[in-house]
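> Please find the sequence and the predicted model below.
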Amino acid sequence: MKIKQDWHIHTEYSCDSACLNMDDLIVEAESLGIEEFGVTDHLHTIVNRPDMINSRKHYDAIIAKNPALKEKFHFGIEISCVSEWELDLIHKGEHQDAVYGLRNGGPANAKPALDLECVKDLGIAFVNAGVHWPLYCEIEKDALINDYHRQYMFLAQHKDVDILAHYLWWHTRQDIDNPFANFGNIPASMKQELAFALKENNCAFELNICAIILAGLSEKFVSDYLEYACGLQSMGVKLAIGGDCHSKHYTDIDYARASKILEAAGIDFEKNIFRFSK
């Protein structure tokens, strides 16, 4: 079996190091046998809206040249969980240089939020949503685990979220070891609660290739992550393949190796796999 879908792809319009040209993506995805895929450039807050506009313009230009592509190439976003506190400030016109939102200074237990209203006019076909940072909690293992779970539950239950991105991905920081390095650190009750929320709300769980499966994490973590994914799949939760490409070339990702790892772990490439249905 081989990977045929990809619902997490960044282009040069993402605000980070991503640098893939969208025209090159079309050619290289075909060369890899990817049959259905979507571009998902980063949206944190309204500050990123100009990037989303440019991404949409490029997508529209591609579809205008080849209308048949619309059946398999879709325009989505990867949105970050932020807080109502920071959105309130940013939408008032403050911190317009905050490309990644406001990562410090917010109130403890700030209410999670998504800045989807700022792009509702851009024809977003699907939403891939992820937790990228703590919401002003103490930088300590248990506090971080609780905060991330709170955010994951918010995303899994959000009516506009189609895919929960890179579960337990942790951005390397100098001030703390990875609190999620051991999948067993997450209480079983939290993982079960999230599983039921995904199922109840028809939110797909992402199998992230670059940030998890091929990221050089411990073999034990990847094994536990995929075991959890298999359990979700057996419950009827959809799994979404997400390459999470940030490279100049889409072909830099070893999809063949990732396919073998997923298949060996027991992932069914046909049953309950996320496909475009809107």
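Yes, it's here. Note that the structure is a prediction, hence the values are computed from the model and not measured.
> Run a quick neighbour tally on C137.
By other Cβ atoms under 10 Å, 18 other residues sit near C137. Placement of C-beta: from N, CA and C, glycine included.
> which element is it on?
Using DSSP states H and E, C137 is not contained in any helix or strand.
> Show me where the stretch 1-150 of the chain has its strands.
For the stretch 1-150 of the chain, applying DSSP state E, counting those that start in this stretch gives strands covering 5-6, 36-43, 73-80, 82-83, 112-113, 126-130.
> what is the rounded mean pLDDT of the fourth one?
What that stands for is strand 82-83. For strand 82-83, the mean per-residue pLDDT is 98.
> picking that back up, relative to K57, which of the strands of the stretch 1-150 of the chain is closest?
Comparison of those against K57 by Cβ to Cβ identifies strand 73-80 as nearest, at 10.6 Å.
> Name every strand pairing with the closest one and say which way it goes.
In the sheet, strand 73-80 lines up against strand 36-43 (parallel), strand 126-130 (parallel) (DSSP bridges).
> wait, N54 sits on S14?
No - using Cβ atoms under 8 Å, N54 is not in contact with S14; the gap is 10.6 Å.
> Those two: which is more packed in?
Between N54 and S14, counting by other Cβ under 10 Å, S14 is the more crowded of the two (24 against 14).
> how close does L135 sit to N185?
Going from L135 to N185 by Cβ to Cβ, to the nearest Å gives 19 Å.
> nope, K260 is what I was after
K260 is 28 Å from N185, where distance means Cβ to Cβ.
> before we move on, what about N146?
Distance from N146 to N185, by Cβ to Cβ: 12 Å.
> and K2, what does it touch?
G33, Y255, A256, S259, F269 (Cβ atoms under 8 Å, 6 or more residues apart in numbering).
> Can you select the buried ones from those residues in ChimeraX?
Selection of the buried residues among those in ChimeraX, burial being defined by 16 or more other Cβ atoms under 10 Å:
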select :255,259
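> Near H44, how many other residues are there?
Applying other Cβ under 10 Å, we find 24 residues neighbouring H44.
> again with N109
Using other Cβ under 10 Å: N109 sits among 13 other residues.
> Make 47 the first number, not 1, from now on.
Shifting the count to begin at 47 puts that one at N155.
> about what we covered before: with mean pLDDT, distance to R196 and mean neighbour count as extra columns, can I get the strands paired with strand 119-126 in CSV?
As requested, the strands paired with strand 119-126 are exported to CSV (pLDDT from 0 to 100; distance: least, Cβ to Cβ, whole Å; neighbours: other Cβ atoms under 10 Å):
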stretch, mean pLDDT, distance to R196, mean neighbour count
strand 82-89, 98, 21, 26
strand 172-176, 98, 14, 24
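> can you list those in a markdown table and add distance to G262?
Shown next, in a markdown table, are these (distance: least, Cβ to Cβ, whole Å):
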| stretch | distance to G262 |
| --- | --- |
| strand 82-89 | 22 |
| strand 172-176 | 19 |
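> before we move on, back to that, out of the contacts of K48, which one has the lowest pLDDT?
Among those, F315 has the weakest pLDDT, 92.
> how much space between it and N254?
According to Cβ to Cβ, F315 and N254 sit 16 Å apart.
> Go through the strands paired with strand 119-126 and name the closest to W215.
Closest to W215 of these, according to Cβ to Cβ: strand 172-176, at 7.2 Å.
> if I pick the closest residue in space to Y296 that isn't next to it in sequence, what's in contact with it?
Excluding its sequence neighbours, the residue lying closest to Y296 (Cβ to Cβ, 6 or more residues apart in numbering) is E74, at 4.0 Å. For E74, the contacting residues are H295, Y296, T297, by Cβ under 8 Å, 6+ apart.
> Filter the residues you listed down to just the ones in helices.
Using DSSP state H, no member of the contacts of E74 falls in helices.
> just for the stretch 197-324 of the chain, where's the confidence low?
Applying pLDDT under 70 to the stretch 197-324 of the chain flags the ranges 218-220, 323-324.
> where do the strands sit along it?
Going by DSSP E, counting those that start in this stretch, the stretch 197-324 of the chain shows strands at 209-210, 250-254, 285-288.
> Columns distance to K111 on top of the strands of the stretch 47-196 of the chain, output as TSV?
Output for the strands of the stretch 47-196 of the chain, formatted as TSV (distance: least, Cβ to Cβ, whole Å):
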stretch	distance to K111
strand 51-52	21
strand 82-89	16
strand 119-126	12
strand 128-129	35
strand 158-159	37
strand 172-176	22
